[in-house]
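Visitor: Requesting a structural model of the entry that follows:
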Amino acid sequence: MNEPDLLKRITVDPSIFGGKPIIRGRRIAVEHVLGMLAAGDSTEDVLNAYPWMEPDDVRACLVYARRHVGHERIETLPTEASP
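Guide: I've put the predicted structure just below:
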């Protein structure tokens, strides 16, 4: 499945979690899946915890995160040199 199709799995509904990105209109936020993966859970762990989810849902969360991080720009502030 290509990235545009994966991203169609991520939806926003103002009545669910205050409009945070969710997976296919269900009550699970993208950030929750990313948190599970960051904590060391595998894709299989996520799928076992949420049997309705599909592997492409997890991939969609990763693509969504990569797209958002890819647009971030961090600017360092100059610091004064120590004496």
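Visitor: what's the helix or strand D5 falls within packed up against?
Guide: Assigned by DSSP states H and E, D5 belongs to helix 3-7. With contacts taken as 3 or more CB pairs under 8 Å, 6 or more residues apart in numbering; DSSP states H and E, helix 3-7 sits against helix 55-70. For every residue, glycine as well, the C-beta is placed using N, CA and C.
Visitor: Centre of the chain to the helix it packs on, how far?
Guide: 5 Å (CA atoms, centre = their mean, to the nearest Å).
Visitor: tell me the contacts of A65?
Guide: Shown in contact with A65 (CB atoms under 8 Å, 6 or more residues apart in numbering): 30, 34.
Visitor: do you know how far K20 is from L62?
Guide: From K20 across to L62, the span is 17 Å (CB to CB, to the nearest Å).
Visitor: How about D45: what's its closest non-neighbour residue?
Guide: Distances taken as CB to CB, 6 or more residues apart in numbering put M36 closest to D45, at 6.8 Å, once the chain neighbours are dropped.
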